[in-house]
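Q: Sharing a model prediction with you, sequence too.
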Amino acid sequence: MKNLILLLAIFTLISCKEEEKKAENSEEVIMTEPDAGIGNGAISPAVAFAQGIESAHNKEDWNAEKAVSFDISLTFGGKERLNGKVTALTNSTKVRVDKNNNTQLIYDGKNAYLYPADAEPKGARFDMFTWQYFFALPFKLTDPGTKWESMESIELNNDPYDVGKLSFENNIGDAPDDWYVIYQERKSGLLHAAAYIVTFGTNQEKAEEAPHAIVYSEYEVVEGIPVATKWSFHNWNLKDGFGEKIGEATLSNITFFEAEDKLFDKPEDAVVIEKE
């Protein structure tokens with residue numbers, strides 16, 4: 001009888017060890033809520049990585065602000081892509097882009113609009129959401145619907161960076177098949193770069209043939225919140241990392257303020273920007 005009890009105890013111990021191994025090998029976590037975790041309230045290393053970046057950027061203070069605006073001068077291949085002002089609620093539920101050519105893009109939380117009606121519609125929806133998202137990225141890493149996977153840390157110019165991969169559940173945003181490889185500065189905890197694919201207007205397989213990366217630099221602290229005032233865009237692949245520089249952006253006049261709802265009202269005679 002004693003031998004039987006001993007055998008049962010051994011089998012139980014082996015079973016527990018196997019379950020622990022399975023848990024250790026499962027790095028991907030689906031964040032259905034910002035504070036979702038595993039086990040008894042614990043979070044995975046992959047999610048802890050994302051939360052660490054948000055903390056370094058003072059996400060709590062960001063969330064306490066209602067709206068933010070910034071001027072942006074953006075070029076690709078030496079040609080101007082966007083020059084104007086981006087305004088958004090900090091929860092990204094409403095966005096406004098005022099271009100210097102008097103074109104307006106408005107997202108009122110339901111529909112995206114272009115004004116005037118005869119303005120160039122190509123790329124309008126992309127401009128509406130992409131640059132605002134790149135700006136807000138350090139504060140959106142654990143939004144509902146985000147998924148995280150741990151990756152190996154790397155060194156760039158003798159500086160260490162921790163790395164994780166961000167992807168999304170189905171039906172999240174305009175392009176749920178997008179993914180990002182996120183680089184964190186180990187010393188400061190700030191977001192250093194985000195490699196990405198653009199599936200908007202194409203499919204994931206095609207987009208993965210030409211991934212790019214945005215590198216954040218020249219951080220300034222505005223209302224206690226670190227924000228990058230310089231972006232550079234590069235060709236990128238997982239093996240070789242950051243390649244040729246293909247674009248850049250300068251941000252200025254970054255301001256947090258109490259936006260009135262009418263700021264995001266649909267302009268008269270504006271037209272709906274359809275998904276491309």
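A: All right, it came through fine. Keep in mind it's a predicted model, so treat the numbers as computed, not measured.

Q: just the helices in the stretch 1-150 of the chain please.
A: With DSSP state H, counting those that start in this stretch as the criterion, the stretch 1-150 of the chain has helices at 2-25, 45-56, 59-64, 124-136.

Q: For the third one, enumerate the helices and strands it packs against.
A: In other words, helix 59-64. With contacts defined as 3 or more Cβ pairs under 8 Å, 6 or more residues apart in numbering; DSSP states H and E, helix 59-64 has no helix or strand neighbours. Where C-beta positions appear, they are placed from N, C-alpha and C, glycine not excepted.

Q: contacting residues around it?
A: The contact list for helix 59-64 (Cβ atoms under 8 Å, 6 or more residues apart in numbering) reads Thr90, Asn91, Pro138, Phe139, Glu223, Gly224, Ile225.

Q: Please repeat the previous calculation with a cut-off of 10 Å.
A: The contact list for helix 59-64, computed with Cβ atoms under 10 Å, 6 or more residues apart in numbering, reads 34, 51, 53-54, 58, 68, 90-91, 136, 138-142, 222-227, 256.

Q: so for it, what's the average pLDDT?
A: For helix 59-64, mean pLDDT is 98.

Q: List the buried residues of that helix.
A: Applying a neighbour-count criterion of 16 or more other Cβ atoms under 10 Å, the buried positions in helix 59-64 are Lys59, Trp62.

Q: quick one: it to chain centroid distance?
A: Chain-centre distance of helix 59-64: 16 Å, with Cα atoms, centre = their mean, to the nearest Å.

Q: can you check stretch 52-72 too?
A: 13 Å.

Q: Can you get me the start-to-end distance on that stretch?
A: End-to-end distance of stretch 52-72 (Cα to Cα, to the nearest Å): 27 Å.

Q: Tell me which residues of that stretch come out buried.
A: Neighbour-count burial for stretch 52-72 [16+ other Cβ under 10 Å]: 52-54, 56-59, 62, 65, 67-72.

Q: ditto for stretch 143-151
A: Those would be Asp143, Gly145, Thr146, Lys147, Trp148, Glu149, Ser150, Met151, for stretch 143-151 by 16+ other Cβ under 10 Å.

Q: Check stretch 87-106 too.
A: Quick answer for stretch 87-106 (16+ other Cβ under 10 Å): 87-90, 92, 94-99, 103-106.

Q: May I have it exported as CSV, CA atoms only?
A: Extracted in CSV, the C-alpha atoms of stretch 87-106 (Å, rounded to 0.1, in the frame of the first residue of the first chain):
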residue,chain,number,x,y,z
THR,A,87,-5.4,66.4,-33.6
ALA,A,88,-6.9,63.4,-31.8
LEU,A,89,-8.5,62.4,-28.6
THR,A,90,-5.9,60.5,-26.6
ASN,A,91,-8.1,57.4,-26.7
SER,A,92,-8.0,57.7,-30.6
THR,A,93,-11.7,57.6,-30.9
LYS,A,94,-11.7,60.9,-32.9
VAL,A,95,-9.1,62.2,-35.2
ARG,A,96,-8.6,65.4,-37.3
VAL,A,97,-5.9,66.2,-39.9
ASP,A,98,-5.6,69.7,-41.2
LYS,A,99,-3.3,69.8,-44.2
ASN,A,100,-1.5,73.0,-45.2
ASN,A,101,-3.2,72.8,-48.6
ASN,A,102,-6.6,73.4,-46.8
THR,A,103,-7.6,69.7,-47.1
GLN,A,104,-9.3,68.4,-43.9
LEU,A,105,-9.7,64.8,-42.8
ILE,A,106,-12.1,64.1,-40.0
